[in-house]
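Q: Have a look at this prediction, sequence included:
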Amino acid sequence: MLYDDAFLARLETGLRAALPTWNIGETAELSLLTISENATFLVDDAAGGRRLVLRAHRPAYHSDEEITSELTWIEALRAAGIVATPAPVHARDGRLLVPFFDGETRRNAVAFEFMSGRAPDEAGDLARWYGHLGEISARLHAHSRAWSPPPGFARKTWTFDTIAGPDAYWGDWRRALGLDAAGRTLLERLAARLHHETAAFGTTPDRFGLIHADMRAANLLVNGDRLGVIDFDDCGFSWFAYDFAASISFMEAEPFVPGLMAAWLDGHARVAPLDAEQAAALPMLVMLRRLQLTAWIASHAETPTARAMGPAYTAGTVDLADRYLSAGFLKGVA
């Protein structure tokens with residue numbers, strides 16, 4: 001239970017003491033925005049007329065080099081005009097990564113400019129925004145293929161083993177909440193199938209490189225006609241098509257998902273058509289992502305998202321696995 005009330009209070013105290021690092025007074029208003037992998041706070045500095053978003057990193061997940069590498073890529077994407085995303089904010093001494101202390105424990109924090117907007121509404125024209133997201137994904141992946149990361153650049157690699165293996169970064173799906181023996185047997189079959197299929201799909205440079213890896217609806221900000229993308233905390237090396245799989249996180253079983261997939265593919269094609277083999281791999285990668293999230297819910301049970309999903313999400317994963325193994329999941333859409 002990492003993010004209990006006492007821990008969050010200590011994080012706020014540590015962050016408040018660090019505010020002068022960004023030329024903000026310690027009396028600025030600080031409010032919790034979200035808890036997921038990390039804890040994110042909004043800073044409203046009325047005296048200085050500034051609003052920032054501070055991200056306090058979950059301990060023992062990303063190294064210092066991985067965090068600064070994420071911010072380096074964001075700055076490169078912004079400089080190239082690839083995607084609307086908030087700028088990382090340098091501290092007054094030029095640093096991007098600012099340590100603070102929770103008692104004697106060192107934590108990491110980073111700051112971003114505040115970006116206005118709201119998540120796209122599932123009840124609205126969600127497919128329209130996923131068409132825009134397909135365009136953004138195509139531009140981002142083209143940049144990834146062409147960009148030369150600086151020396152020391154380090155981000156995690158998302159493969160079958162690190163996504164859904166026993167020692168995956170987000171935990172083992174076998175510990176999923178409420179998973180019974182029959183469900184485990186079915187998911188073992190799914191995992192074996194996905195292991196084989198991802199190996200056959202391969203990791204050649206045309207389909208595997210640096211991606212956002214978490215462009216789900218909660219990380220999209222709509223303001224007028226602008227679609228912004230936030231939270232590159234999971235960016236790393238994986239299949240380019242995995243960006244679509246991540247984009248429908250927690251919506252995988254919704255009846256509108258085939259429409260989102262078609263819209264994403266259409267948007268992608270407006271920039272660069274996705275080849276047929278990668279398009280056909282989308283359902284496979286959606287199921288791989290579903291296994292990853294099933295593990296994440298179990299290993300992050302204290303977060304609001306995990307509490308909201310609980311064992312029902314595991315049951316849904318088993319149902320989707322049955323459909324996928326019977327060739328009835330998103331069949332023919334790609």
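A: That came through, no problem.

Q: avg pLDDT for stretch 155-169?
A: Averaging pLDDT along stretch 155-169 yields 97.

Q: pretty sure residue 158 contacts residue 213?
A: Yes: with contact defined as Cβ atoms under 8 Å, residue 158 counts as touching residue 213 (6.1 Å). For the C-beta atoms, the positions are set from N, CA and C on the backbone; glycine is no exception.

Q: and for those two, which residues touch both?
A: Shared contacts of residue 158 and residue 213 (Cβ atoms under 8 Å, 6 or more residues apart in numbering): 236, 238, 242.

Q: Which one of those is nearest to residue 107?
A: Nearest to residue 107 out of those is residue 236 (Cβ to Cβ; 21.5 Å).

Q: Which residue ranges of the stretch 101-250 of the chain form helices?
A: Taking DSSP state H, counting those that start in this stretch as the test, the helices found in the stretch 101-250 of the chain are 126-146, 160-164, 181-201, 242-247.

Q: Give me the neighbour count for residue 171.
A: Neighbour count for residue 171, taken as other Cβ atoms under 10 Å: 18.

Q: Correction: the previous question concerned residue 2.
A: Using other Cβ under 10 Å, residue 2 has 13 other residues around it.

Q: Next one: the residue lying closest to residue 91 once chain neighbours are set aside from residue 90, what distance?
A: Among residues not flanking residue 91 along the chain, residue 21 sits closest, at 4.6 Å (Cβ to Cβ, 6 or more residues apart in numbering). Residue 21 sits 10 Å away from residue 90, taking Cβ to Cβ, to the nearest Å as the criterion.

Q: Then residue 193?
A: 46 Å.

Q: Isn't residue 155 up against residue 234?
A: No: Residue 155 sits out of contact with residue 234 when judged by Cβ under 8 Å, with a separation of 9.2 Å.

Q: Next, the nearest residue to residue 147 once chain neighbours are set aside: secondary structure please.
A: Among residues not flanking residue 147 along the chain, residue 76 sits closest, at 6.2 Å (Cβ to Cβ, 6+ apart). Under DSSP: H, G, I helix; E, B strand; the rest coil, the three-state class of residue 76 is helix.

Q: any idea of the pLDDT on residue 76?
A: Looking at residue 76, the pLDDT reads 98.

Q: Please apply the same query to the one 3 residues further on.
A: Residue-level confidence at residue 79 comes out at 98, pLDDT.

Q: How many residues are close by it?
A: Residue 79 has 8 neighbours, counted by other Cβ under 10 Å.
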